[in-house]
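*Asks:* Compute the structure for the input listed below.
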Amino acid sequence: MSEDQIIVFPLTRRIGKIRTVAATLSGMKTDNMARAYRLQITTGLLSHLGKLGVAPIDQHEPIFEFWRAVFDEISRNMEGAA
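*Replies:* This is a model prediction of the structure:
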């Protein structure tokens, strides 16, 4: 008997979401606001992956890579502004 495998569209390919989150996060006025926003986004992504049937143990890496892409986007925007 074979195990079913779920293949999810990579979060790092959701360029629009990455850019929107990066822009919103960059505009946050306080660390507390930014922390709450990051938690809100992370919770939403975890919920989305869970609904797709991705096992909790397999959710951490895509979330980490998503946030790496967001912070890379913020860095690119800051370099472009300089």
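*Asks:* Which other helices and strands does the lowest-mean-pLDDT helix or strand in the chain contact?
*Replies:* Lowest mean confidence among the helices and strands of the chain (mean pLDDT, DSSP states H and E): helix 60-81, at a mean of 93. Packing partners of helix 60-81 (3 or more CB pairs under 8 Å, 6 or more residues apart in numbering; DSSP states H and E): helix 15-26, helix 31-51. Where you see a C-beta, it was placed from the backbone N, CA and C, and this is true even at glycine.
*Asks:* Need those in TSV (columns: mean neighbour count and mean pLDDT).
*Replies:* Formatted as TSV, the helices and strands packed on helix 60-81 follow (neighbours: other CB atoms under 10 Å; pLDDT from 0 to 100):
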stretch	mean neighbour count	mean pLDDT
helix 15-26	15	97
helix 31-51	13	97
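*Asks:* Need those in a markdown table (columns: distance to residue 73).
*Replies:* Converted to a markdown table, the helices and strands packed on helix 60-81 look like this (distance: least, CB to CB, whole Å):
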| stretch | distance to residue 73 |
| --- | --- |
| helix 15-26 | 4 |
| helix 31-51 | 13 |
